[in-house]
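Colleague: Dropping the sequence and predicted coords here.
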Amino acid sequence: MSFAIRSKPNTHRAVKKNVNAPLANRSETKVAVIGGSGYVGEELVRLLLQHPYADLAAVTSRQFAGKTLADIFPRLSHHQKAGDIRFGASNPAQLAQMAQVIFLALPHGFAAEFTKPLVQTGARIVDLSADFRIKDPKIYKEFYGNDHSAPDLLGEAVYGLPEIYRAEISHANLVACPGCYPTSILLPLLPLIREKVVSLASILVTSLSGVTGAGRKVETDYLFAECNESIRPYGVPKHRHLSEIEEQLSAFAGKKVTIQFTPHLVPVNRGIITTIYVDPSKEIDAGSIATIYQKAYGDEPFVRLLGAERFPDTKNVSGTNFIDIAWRLDLRTGRAILMSAIDNIVKGASGQAIQCFNLMRGYPETTGLQIP
Ligand SMILES: NC(=O)c1ccc[n+]([C@@H]2O[C@H](COP(=O)([O-])OP(=O)(O)OC[C@H]3O[C@@H](n4cnc5c(N)ncnc54)[C@H](OP(=O)(O)O)[C@@H]3O)[C@@H](O)[C@H]2O)c1
C-alpha cells in the first residue's frame, strides 16, 4: 500500500496566531453555504449570521428550496437576515458570482463535484467533507470506495487544522476541514509525536460520539429508539477517518504510522470524547507531557490544557470551539493516556471552518467564535 509523506508541516510557532492583530482586515466578506440544511450547514449558518465580517449571501438546499432560513431554523429567526434569505439551488456559477468564500457542507463525493467548477471561478473554498483531506487518491479510494473525481486538486488543498497549519491555511484557496474524530485525536497526539516521545507502533484510540456525527439523514440505525439508552461500537477495524489520521501522523513522524481505532455511538446529540493509549518511546513523566503541550498550545485560543488531574467532559465544550485535553501516566502499565473532548459540530466541523475562514481573510482568529 502506497502513501504520501508530506513535507514537514509548519507548527503554530512559525506564524503566531492573529487573535489581537492590530492591522487585521475589517472589510466584510460575502460568503455562501452549500448544503445548508444539514447539521454542519445549520451550525455554519448560525455562526456566519453572528460573524461581524461575514455577509451571508446565499445558502442552498434541495429539500427546502424557496423556504427562508427562519422557516426551517426557527431558533435563528431573531436575525433579520434569516427572514430574508431563502434556500436556493446549488448552482456553482451563480454562487461564485454572489460570494468570495464558499463553504461546502455536503456529503463526500458531492463536495468534489462542486469544488471543480467553483475553483475555476476564483472563489475560495472551505470544504467540510472528506474529499480533500487525503493527499493520495489511492488511499481515498481504499477508504471511501470510489475514484476521486478531482485528483488534480488534492495537491492544492490545505488540511484545515489551524493549530498545526496556520500559515498554509491563511494563503489557501481550498481548505479541507478535518473530520471530527481526527480533530479530537490529532491535536492530543501530534505534539508528542513531534517531540518523538511516542512509540509509533503502540497507538490505540477509542472515541465516543453523539448522534449528530452521522448527519441529519433518516436511517434506521440512527432513529431515537435505536440509539437511545444504548451504546455500540461501529466502523471497526477500518473506520474511514483512519485515512486522514494516519496520513497526518505519518507526515509528522516521517514514516508510516498505523493505529488501532474504535469509535462508539452514544445517545447524546453532540460531543466526542477520545481516549488515546500510547507507550512512551523514552522515559517521560506527567510534567514532561505538560511541558510539551504548553510549548505546542500554550498560546492557542481554542485549546484548553486540563493537565494531569482534571478530566475532559463534553458538557464543557458543547456549543463551543474548544478542545479540552488531559493526560495521565499509568505507572502500572507504563502507558501514557491522552484524553480530549470536542463538540463534533463546532470544533469538529463548523467552528473550525470559521477559524480557517478568519485566517484566510486576515480577521482575528477568534472572530465570531464567542471568546469573551
Ligand atoms: N456531522 C458531523 O459531526 C460532521 C463533522 C465533521 C465533518 N462532517 C462532514 O460535513 C459534511 C456535512 O455533514 P452533515 O452532518 O451536515 O450532513 P447532513 O446533515 O446529512 O447534511 C448534508 C447536506 O448536504 C446536502 N446535500 C446532500 N446531497 C446533496 C447533493 N447531491 N447536492 C447538493 N446538496 C446535497 C443536504 O441538503 P438537501 O438534501 O436539502 O439538498 C444537506 O444540507 C459531510 O461531508 C460530513 O462528513 C460532519
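Modeller: That came through, no problem. Residues are numbered from 1 along each chain as shown.

Colleague: so how far is stretch 205-219 off the chain centroid?
Modeller: Relative to the mean C-alpha coordinate of its chain, stretch 205-219 is positioned 14 Å out (CA atoms, centre = their mean, to the nearest Å).

Colleague: can you list contacts of that stretch?
Modeller: Applying CB atoms under 8 Å, 6 or more residues apart in numbering, the contact partners of stretch 205-219 are 37-40, 107, 180-181, 184-185, 221-222, 227, 231, 259-277, 314, 344-345, 348. All C-beta atoms are positioned from the backbone trio N, CA, C, and that covers glycine.

Colleague: first vs last residue of that stretch, how far apart are they?
Modeller: The separation between the terminal residues of stretch 205-219, taken as CA to CA, to the nearest Å, is 27 Å.

Colleague: Strands of this structure, residue ranges please.
Modeller: Across the chain, reading from the start of the chain, the strands by DSSP state E fall at 29-34, 54-60, 87-88, 101-104, 124-127, 158-159, 174-176, 204-209, 232-233, 260-265, 272-278, 303-307, 323-329, 336-342.

Colleague: Would you format the ones you listed as a markdown table with mean pLDDT, distance to I354 and mean neighbour count included?
Modeller: Supplementary listing: the strands of the chain in a markdown table, determined by pLDDT from 0 to 100; distance: least, CB to CB, whole Å; neighbours: other CB atoms under 10 Å:
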| stretch | mean pLDDT | distance to I354 | mean neighbour count |
| --- | --- | --- | --- |
| strand 29-34 | 98 | 10 | 25 |
| strand 54-60 | 98 | 8 | 23 |
| strand 87-88 | 98 | 20 | 21 |
| strand 101-104 | 98 | 9 | 28 |
| strand 124-127 | 98 | 9 | 24 |
| strand 158-159 | 98 | 16 | 22 |
| strand 174-176 | 98 | 11 | 27 |
| strand 204-209 | 98 | 21 | 20 |
| strand 232-233 | 98 | 32 | 12 |
| strand 260-265 | 98 | 25 | 18 |
| strand 272-278 | 98 | 18 | 23 |
| strand 303-307 | 97 | 16 | 18 |
| strand 323-329 | 97 | 15 | 21 |
| strand 336-342 | 98 | 14 | 24 |
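
Colleague: any chance of those strands in a markdown table, plus distance to the ligand?
Modeller: Written out in a markdown table, the entries for those read as follows (distance: least, CB to the nearest ligand atom, whole Å):
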| stretch | distance to the ligand |
| --- | --- |
| strand 29-34 | 7 |
| strand 54-60 | 7 |
| strand 87-88 | 7 |
| strand 101-104 | 8 |
| strand 124-127 | 8 |
| strand 158-159 | 13 |
| strand 174-176 | 10 |
| strand 204-209 | 8 |
| strand 232-233 | 17 |
| strand 260-265 | 12 |
| strand 272-278 | 8 |
| strand 303-307 | 18 |
| strand 323-329 | 14 |
| strand 336-342 | 10 |
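
Colleague: looking at these, which is closest to F252?
Modeller: Among the strands of the chain, the nearest to F252 by CB to CB is strand 158-159 (11.5 Å).

Colleague: Who does that closest one pair with, and is each partner parallel or antiparallel?
Modeller: Note on strand 158-159: by DSSP bridges, its sheet partners are strand 174-176 (parallel).

Colleague: Tell me the pLDDT of the residue of the chain found nearest the ligand.
Modeller: Nearest residue of the chain to the ligand, counting by CB to the nearest ligand atom: G38, 2.0 Å away. As predicted, G38 sits at a pLDDT of 98.

Colleague: Quick check: it touching A105?
Modeller: Yes - because the distance of 5.6 Å satisfies CB atoms under 8 Å, G38 is recorded as touching A105.

Colleague: ok, back up a step: got JSON lines for the strands of the chain, with distance to D147 too?
Modeller: Conversion of the strands of the chain to JSON lines gives the following (distance: least, CB to CB, whole Å):
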{"stretch": "strand 29-34", "distance to D147": "22"}
{"stretch": "strand 54-60", "distance to D147": "25"}
{"stretch": "strand 87-88", "distance to D147": "30"}
{"stretch": "strand 101-104", "distance to D147": "19"}
{"stretch": "strand 124-127", "distance to D147": "18"}
{"stretch": "strand 158-159", "distance to D147": "21"}
{"stretch": "strand 174-176", "distance to D147": "18"}
{"stretch": "strand 204-209", "distance to D147": "28"}
{"stretch": "strand 232-233", "distance to D147": "29"}
{"stretch": "strand 260-265", "distance to D147": "25"}
{"stretch": "strand 272-278", "distance to D147": "30"}
{"stretch": "strand 303-307", "distance to D147": "37"}
{"stretch": "strand 323-329", "distance to D147": "34"}
{"stretch": "strand 336-342", "distance to D147": "31"}
